[in-house]
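Engineer: need a structure here:
(chains A and B)
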Number of protein chains: 2
Amino acid sequence: MKWLRCQTKDETFYGLLNDNIVSKVHGSPFDGYEQTTQKFPIEEVKILPPVIPKTFYAAGINYKKHVLEAASLLNRKPNLPEKADIGYRANNAIIGHGDPIVIPRDATDKIHYEAELVVVIGKVAKNVSMEDSLKYVLGYTVGNDVSERTWQASDRTLWRAKNTDTFKPMGPWIETEASLNEMVTTVRLNGQETISFDTNDMIFGVEKYISEITRYLTLHPGDVIWMGTDGTSKDMKNGDTCEIEISGVGTLSNPVIKDS
Amino acid sequence: MKWLRCQTKDETFYGLLNDNIVSKVHGSPFDGYEQTTQKFPIEEVKILPPVIPKTFYAAGINYKKHVLEAASLLNRKPNLPEKADIGYRANNAIIGHGDPIVIPRDATDKIHYEAELVVVIGKVAKNVSMEDSLKYVLGYTVGNDVSERTWQASDRTLWRAKNTDTFKPMGPWIETEASLNEMVTTVRLNGQETISFDTNDMIFGVEKYISEITRYLTLHPGDVIWMGTDGTSKDMKNGDTCEIEISGVGTLSNPVIKDS
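Structural biologist: The predicted structure follows:
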């Protein structure tokens, strides 16, 4: 199933997407829902971020090649994580499929995409074993962890480097039937493929993260975990379009605008 | 005005608190409200965290004495922040006044309180000047940034050190009429005063933080900014009660339990 959150001029709602038709439901995939008879062609709704999480988790460093690339860019020694320590991103920065990524006026040219698998939690999870962990996952969507690399190197936290408004595109929908081992993540900048990697080739996988973090914290329905990225990204500039496809999940596409 | 969020066996609601009587409203201080005629003695409601933010901001290091203490504990060189870079905490960890702080079984004895002023945002804020910044503040509440110091030193992020479930007590209410320069923060562990400091003696004040961060991000009604702490904290253990008073705002009290 594909869960789409969307907006018409009258309302905001969740729908099930089939053959480009959105079938509206009352409720949500997290709190229960009832189907309705209302249907909308996907072109006639505005696609919203599929969920605004209670807590927005991010693995950060979780692919080997990316560790080496980031270390070289930041002039630091590469440091592979030894444990599944989770990080965070911020809800203010979330936008949906099709919404523009707005580069602030005073940002440098080092604006990078990071293509990430997003795990969407479906049920309350605490003290979950690796074996049971995927039962708590509602499905998957796609995230772009947009990053300003000079701020990432200079600031005490990742606040504006990664959480400037519009720096967290997520969508287009939540796919509930995808299989981790079959996913391939591909980035296209203005239609040109720049990165392609096996999505599940992570240092610590989805099962490991859910199991480790729920020893200390409760995951809630609608929470998201962004699983990190691989490869070497290029600069994005005004007028670009950044498209991230995860096979079996969906394609997230966003135009890029430089604030003037 | 004191805004209390609370629960009876039938419902969850916001109320205005006067002389220990909660006057229920429909709606909230963030989305608009209407007064009702329903009143409850404060003893007859369960006090909830005054808000669950969209984004949970935290200044982190923001008082000089605390920088020196933390550096010495973590065996690091003291490092005073040069800019108002904001950090984050996580909603899963929020509890209200009176709720127990639960220390995980495998935590060390180094469980510390951190008494913090919490700024509650009332209006959408972007590109706000220092002069105008306090107009976007609905009011203030009290936070306890509970921290497990060994995890804080060992982990790649602050996830379990600061965001273990129950590690973010906040409350008891939002006070809308307090004045920053008159506040004194006092911590009492089992009734014994352990810390007292001028709340507004910050490296970067509320006005500076709001002005700096809204250059890049939008603050939303209900967002909170925890402003950091001062002084040297003591260990909390099973059976303790930690009380934080900010004069003119309120007193947040929580029992401490070690998970067994």
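Engineer: Can you read off the backbone torsions of residue A:70?
Structural biologist: With angles defined as degrees, to the nearest 10, residue A:70 sits at phi -60, psi -40.
Engineer: That one is in contact with residue A:61, isn't it?
Structural biologist: Yes - between residue A:70 and residue A:61 a contact is recorded at 7.3 Å, counting by CB atoms under 8 Å. To be clear about C-beta, it is placed using only N, CA and C from the backbone, and glycine gets the same treatment.
Engineer: what's near enough to touch residue A:166?
Structural biologist: Residue A:166 makes contact with A:93, A:95, A:99-102, A:146 under the criterion CB atoms under 8 Å, 6 or more residues apart in numbering or on different chains.
Engineer: how does it look with 7 Å?
Structural biologist: When contacts are counted by CB atoms under 7 Å, 6 or more residues apart in numbering or on different chains, residue A:166 touches A:93, A:95, A:99-102.
Engineer: farthest-separated two in those residues?
Structural biologist: A:93 and A:100 (13.0 Å; CB to CB).
Engineer: re earlier: got a quick PyMOL command for the buried subset of the contacts of residue A:166?
Structural biologist: Typed into PyMOL, the line below selects the buried ones among those, using 16 or more other CB atoms under 10 Å in any protein chain shown:
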select buried, chain A and resi 93+95+99+101+102
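Engineer: Show only the entries of the contacts of residue A:166 found in helices.
Structural biologist: When DSSP state H defines the helices, the subset of these inside them is empty.
Engineer: Intersect the contacts of residue A:166 with the contacts of chain B.
Structural biologist: When the contacts of residue A:166 are checked against chain B using CB under 7 Å from any CB of the partner chain, none falls in range.
Engineer: Could you give me the buried positions within stretch A:197-206?
Structural biologist: Using 16+ other CB under 10 Å as the test for burial, stretch A:197-206 gives A:197, A:199-206.
Engineer: Poorly predicted segments of the stretch 51-200 of chain A, please.
Structural biologist: Low-confidence segments of the stretch 51-200 of chain A (pLDDT under 70): none present.
Engineer: quick one: the strands in it?
Structural biologist: Secondary structure of the stretch 51-200 of chain A, counting by DSSP state E, counting those that start in this stretch: strands at A:56-58, A:87-88, A:94-95, A:101-103, A:111-112, A:115-121, A:137-144, A:147-148, A:168-175, A:184-189, A:192-198.
Engineer: which one of the ones you listed lies closest to residue B:183?
Structural biologist: Comparing these by CB to CB, strand A:87-88 comes nearest, at 28.2 Å.
Engineer: so what strands line up beside that closest one?
Structural biologist: Take DSSP bridges as the rule and strand A:87-88 pairs in its sheet with strand A:56-58 (antiparallel).
Engineer: List of residues touching the strand it pairs with?
Structural biologist: Against strand A:56-58 from outside (CB under 7 Å, 6+ apart): A:86-91, A:145, A:223-226.
Engineer: Going through those residues, which ones are buried?
Structural biologist: Of the contacts of strand A:56-58, these count as buried by 16+ other CB under 10 Å: A:86-91, A:145, A:223-226.
Engineer: can you list the domains in chain A?
Structural biologist: As assigned by automatic domain parsing, chain A contains the domains A:1-48, A:49-258.
Engineer: Report the distance from stretch A:77-86 to the chain centre.
Structural biologist: How far stretch A:77-86 lies from its chain's middle: 20 Å, per CA atoms, centre = their mean, to the nearest Å.
Engineer: can you tell me if that stretch touches chain B.
Structural biologist: Yes - using CB under 7 Å from any CB, we find that stretch A:77-86 touches chain B at A:81, A:85-86.
Engineer: Of the domains of chain A, flag the one that's most buried.
Structural biologist: Of the domains of chain A, the one with the most neighbours on average (mean count of other CB atoms under 10 Å in any protein chain shown) is domain A:49-258, at a mean of 20.
Engineer: any idea how far that one is from the chain center?
Structural biologist: 5 Å.
Engineer: Excluding covalently adjacent residues, which one is nearest to residue A:176?
Structural biologist: Spatially, and ignoring its direct neighbours in sequence, residue A:176 is nearest to residue A:139 (3.8 Å; CB to CB, 6 or more residues apart in numbering or on different chains).
Engineer: In contact with residue A:81, which residues?
Structural biologist: A:61, A:203, B:156.
Engineer: how about a cut-off of 10 Å?
Structural biologist: Shown in contact with residue A:81 (CB atoms under 10 Å, 6 or more residues apart in numbering or on different chains): A:59-62, A:67, A:203-204, A:228, B:155-157.
Engineer: Redo those residues as JSON lines? Include distance to residue B:236.
Structural biologist: Converted to JSON lines, these look like this (distance: CB to CB, whole Å):
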{"residue": "A:59", "distance to residue B:236": "30"}
{"residue": "A:60", "distance to residue B:236": "30"}
{"residue": "A:61", "distance to residue B:236": "32"}
{"residue": "A:62", "distance to residue B:236": "33"}
{"residue": "A:67", "distance to residue B:236": "37"}
{"residue": "A:203", "distance to residue B:236": "34"}
{"residue": "A:204", "distance to residue B:236": "31"}
{"residue": "A:228", "distance to residue B:236": "34"}
{"residue": "B:155", "distance to residue B:236": "20"}
{"residue": "B:156", "distance to residue B:236": "25"}
{"residue": "B:157", "distance to residue B:236": "22"}
